[in-house]
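K.L.:
Kindly return the folded structure for what I paste below:
(chains A and B, ligands or ions: 1)
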Amino acid sequence: MSPTYLGMPGLPVYGDGNLHASEAFPAAARRELGNAQLRANLGHATHTIRDKRLRVVAELPDWEDLREAGSAIKASVMARLPELLEEFEKNFTARGGIIHWARDADEANGIVRDLIRDAGADEVVKVKSMATQEIGLNEYLEEQGISALETDLAELIVQLDHDKPSHILVPAIHKNRAQIREIFLREMPDVDPDLTDTPARLAEAARLHLRRKFLSAKVAISGANFALADTGTLAVVESEGNGRMCLTLPDTLITVMGVEKLLPSWTDLEVFMQLLPRSSTGERMNPYTSLWTGVTEGDGPQNVHLVLLDNGRSAALADEMGRSALHCIRCSACMNVCPVYERTGGHAYGSTYPGPIGAILSPLLTGITSEENASLPYASSLCGACYDACPVKINIPEILVHLRSEDVESRRGTTKVPGQMDVAMKAASWVMGSGRRMALAEKALPLGKLAAGPDRKIKKLPGMAAGWTQSRDIPAPPAQSFRDWWAKEHHDPGSEEHTELEEKA
Amino acid sequence: MSARTEILDRLRAALHDSPEAPEIPRKYRHTSGMSEDELIELLSDRLLDYKAGVSVVDEASVPARVAELLAGEKSYVVPAGLDERWTALVPGRVVDSPQEPLSVEELDGIDAVVTGSAAAVAETGTIILDGSPGQGRRACSLIPDHHVCIVKAGDIAGVLPEAVRRLDVTHPLTWISGPSATSDIELERVEGVHGPRRLDVVIVR
Ligand code: SF4
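P.N.:
Numbers count the residues shown, from 1 in each chain, chains lettered A, B, ... in the order given. Here you go, the predicted model:
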């Protein structure tokens, strides 16, 4: 346990459910790397989305100001979380909503089951929700004889194929149109046998398949993207209208949301609704956003419930270095720029949250002592692309290094002597903690060239790093570091650009 | 101990280092300074980009334009508070009111819906409905397959913060940016899944 926890009464209480990977990253990644289809689909998707994202971000002259505001708002939410939750509860309840608190996945699942039974239903429609995936709600309800129907097109594809999502934004990105057509023909009872594989026809098939369910459902389950403390409002952001169907038509609406999703005030939403769609799908705005505050008489569900979920969030909050992982608005921008994610795909991360954010969030929620999740902080090249892309400026590389040292720390009892990793990580965090030290370290780069053979590839690294070179060659480091090159290219005294960049760094 | 007390206690304990809530720097744009013509032009451009239909007309031409857009639809629904003159030229009107709300099945049998709007955001191509009398219940603008939405030029904001300041968030809000769409299959955008597949916005100068 890290020394940061010493001031806490009691131990942090970690989360459970689908947060735990069933298999450690290195093993899962090795298998997924063999899937060429996955890698091709994923490469195409991540590149397309990130190009779109860059274009729409460049349109906003105040993008960096929005990021600054977003990051500060989230830091302020974390600092005031207990009081903001109470404020939200008061306002949501005053307008007829009902709040339930759940310590962990089991408790949340049980609450949802009871609410569904009270409504007299054995079937529910669902909007895509990370929180319910985290607690394994669908599987739990199925065991209880309740069927939960995913209505987001990609989630529906994944559910019909008895598969798992591989990306938080485009969960079925690992499947192509021909595969989707086959899944529909196999799994949808009334599907048109002449269904072609054009996306428009496939979307139409999903529409017909779900239409009757939407119009007759008594209970819907959703997540929430944001909760506004000063008004007691919840918000869901989506594209297809399945969200609107679920949030509007059934008489009972049950929302499951992590406690960290709060924003202090309604006007804060203006910041996040500019950051989220552009970072996420690369659109100026997503097609639909729904906001509701408790119950509105004569319009929409008349029984409105919210399950507020801890499931390890208080433990993550207790980690001073790691708590900013709770700022995440699940836009998936970090995934789309991550070289590791691009090759392994989301399944390799095992837990509900893939990619760079998953590599820090999952072990923070479960504790680094969780055997499989302990390998997640190593699933990164520390290139920093995720930090640059993150709309709320979560310093993912810094938290990765911090968690690696936590991992080493936690194994100290069993290994006794400090291992290579221990020493290396301590050193790495010291070096990366300062621009000056980093620059000094880079000066040593040309030495790396000596380790490389004549083909300029390092075939085998010494010591613990050998594991890395088992399945790949490393190109030799360049003779000159980027910083040196930049300084040489740009250091004419009149260069404005140079000073500006230095300031931002 | 109740789950509520326990979670709140855990969260308080987690803040053992009493972190300070930082000042929020709000240097981002709060207004756009655009003229009405510029706002209309930008909103139209964004909506067209989402594959919505756009027409810009003066007040007197709204009924004729709405009639053109509804040509071919057998029936359409309007919320009870909608300006009656706007749909005066078109037969087949069904009215939804809080006193006599249509059932979901009835709405499913109706081809189109005509509503007003509470606000619009030019930069993002967004129209916002807030459930007031001219906009009606959320189900009305959701179930029919064709949505004709009337936006008054004076309600167009340049940037999102301007619109947010004009709205009452305790009303149920629906923000609409183009017709329903999905990109879930090989990232190819398809307009129209569960929400209205056709969106026509009539901007009134
Ligand atoms: S960590 Fe940042 S970039 Fe990654 S999903 Fe969360 S908000 Fe988006």
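K.L.:
switch to C-alpha atoms for all contacts and neighbour counts from now on
P.N.:
Noted.
K.L.:
which bits of chain A sit near the ligand?
P.N.:
Counting by CA under 6 Å from any ligand atom, the positions of chain A adjacent to the ligand are A:328-334, A:357, A:389-392, A:394.
K.L.:
Determine if any part of stretch A:339-352 is in contact with chain B.
P.N.:
No. Stretch A:339-352 stays out of contact with chain B when judged by CA under 8 Å from any CA of the partner chain, the minimum separation being 15.2 Å.
K.L.:
Which parts of chain B are strands?
P.N.:
B:53-57, B:76-79, B:93-96, B:112-115, B:119-121, B:126-129, B:146-152, B:156-157, B:173-176, B:181-182, B:190-191, B:198-204 (DSSP state E).
K.L.:
Between those strands, which one is closest to A:Glu240.
P.N.:
Ranking the strands of chain B by their distance to A:Glu240 (criterion: CA to CA) puts strand B:181-182 first, at 5.0 Å.
K.L.:
ok, and what's touching the closest one?
P.N.:
Outside of strand B:181-182, the residues that reach it under the criterion CA atoms under 8 Å, 6 or more residues apart in numbering or on different chains are A:153, A:203, A:239-241, A:287, B:188-193.
K.L.:
Ok, stretch B:188-200 next?
P.N.:
The set of residues that contact stretch B:188-200 without belonging to it, under CA under 8 Å, 6+ apart, is A:199-200, A:203-204, A:206-207, A:211, A:240-242, A:244-245, B:51-55, B:69, B:141-149, B:178-183.
K.L.:
repeat for stretch A:162-179
P.N.:
Around stretch A:162-179, the neighbours that count as contacts under CA under 8 Å, 6+ apart are A:37-38, A:41-42, A:45, A:130, A:154-155, A:157-158, A:197-199, A:280-281, A:330-332, A:345-347, A:353-354, B:184-186.
K.L.:
do that again at 7 Å, thanks
P.N.:
By CA atoms under 7 Å, 6 or more residues apart in numbering or on different chains, the list of residues contacting stretch A:162-179 from outside reads A:38, A:41-42, A:154-155, A:157-158, A:197, A:199, A:332, A:345-347, A:354, B:184-186.
K.L.:
Then stretch A:231-241?
P.N.:
Applying CA under 7 Å, 6+ apart, the set of residues contacting stretch A:231-241 is A:88-89, A:91-92, A:224-228, A:266, A:286-293, B:170, B:180-182, B:193-195.
K.L.:
Ends of it, what's the gap?
P.N.:
With CA to CA, to the nearest Å as the measure, the first residue of stretch A:231-241 is 25 Å from its last.
K.L.:
cool, and stretch A:219-228?
P.N.:
Distance between the boundary residues of stretch A:219-228 (CA to CA) amounts to 24 Å.
K.L.:
I would like the residues contacting that stretch, please.
P.N.:
For stretch A:219-228, using CA under 7 Å, 6+ apart, the contacting residues are A:88, A:116, A:124-129, A:131, A:233-237, A:246, A:250-257, A:261-266.
K.L.:
now, which of these lie within strands?
P.N.:
A:124-126, A:233-237, A:252-257, A:262-263.
K.L.:
neighbour-wise, which of these leads?
P.N.:
When the ones in strands among the contacts of stretch A:219-228 are compared by neighbour count (other CA atoms under 10 Å in any protein chain shown), A:Lys126 ends up highest, at 29 neighbours.
K.L.:
So what pairs up with it in the strands?
P.N.:
Partner residues in beta bridges with A:Lys126, using DSSP bridges, are A:Glu150, A:Ile221.
K.L.:
If I follow the layout properly, B:Ile143 ends up in contact with B:Leu107?
P.N.:
Yes. With the criterion set as CA atoms under 7 Å, B:Ile143 and B:Leu107 qualify as a contacting pair; they are 6.3 Å apart.
K.L.:
the more surrounded of these two?
P.N.:
Taking B:Ile143 and B:Leu107 together and counting by other CA under 10 Å, B:Ile143 has the greater number of neighbours (28 against 22).
K.L.:
what's the nearest residue to the residue nearest the centre of chain B if we skip its chain neighbours?
P.N.:
Centroid check for chain B by CA atoms, centre = their mean gives B:Ile128 as the closest residue, at 3.3 Å. With CA to CA, 6 or more residues apart in numbering or on different chains as the measure, B:Trp175 is the residue that lies nearest to B:Ile128, at 4.5 Å, once sequence neighbours are left out.
K.L.:
who touches the one you found in this structure?
P.N.:
The contact partners of B:Trp175, by CA under 7 Å, 6+ apart, come to A:288-290, B:126-129.
K.L.:
hmm, back to that, ok, which of the strands of chain B comes nearest the ligand?
P.N.:
The stretch from those with the least distance to the ligand (CA to the nearest ligand atom) is strand B:181-182; that distance is 19.9 Å.
K.L.:
now the closest one: how far from the chain's centre is it?
P.N.:
Relative to the centre of its chain, strand B:181-182 is centred 16 Å away, using CA atoms, centre = their mean, to the nearest Å.
K.L.:
Could you tell me which residues within stretch B:80-100 count as buried?
P.N.:
Of the residues in stretch B:80-100, those with enough neighbours to count as buried (16 or more other CA atoms under 10 Å in any protein chain shown) are B:80-82, B:86-87, B:90, B:93-97.
K.L.:
How about the contacts made by residue 204?
P.N.:
Looking at chain A here, since you left the chain open. If you count contacts by CA under 7 Å, 6+ apart, then A:Glu204 has B:Val193 around it.
K.L.:
Chain B was what I was after
P.N.:
Taking CA under 7 Å, 6+ apart as the test, what B:Val204 contacts is B:56-59, B:151-153.
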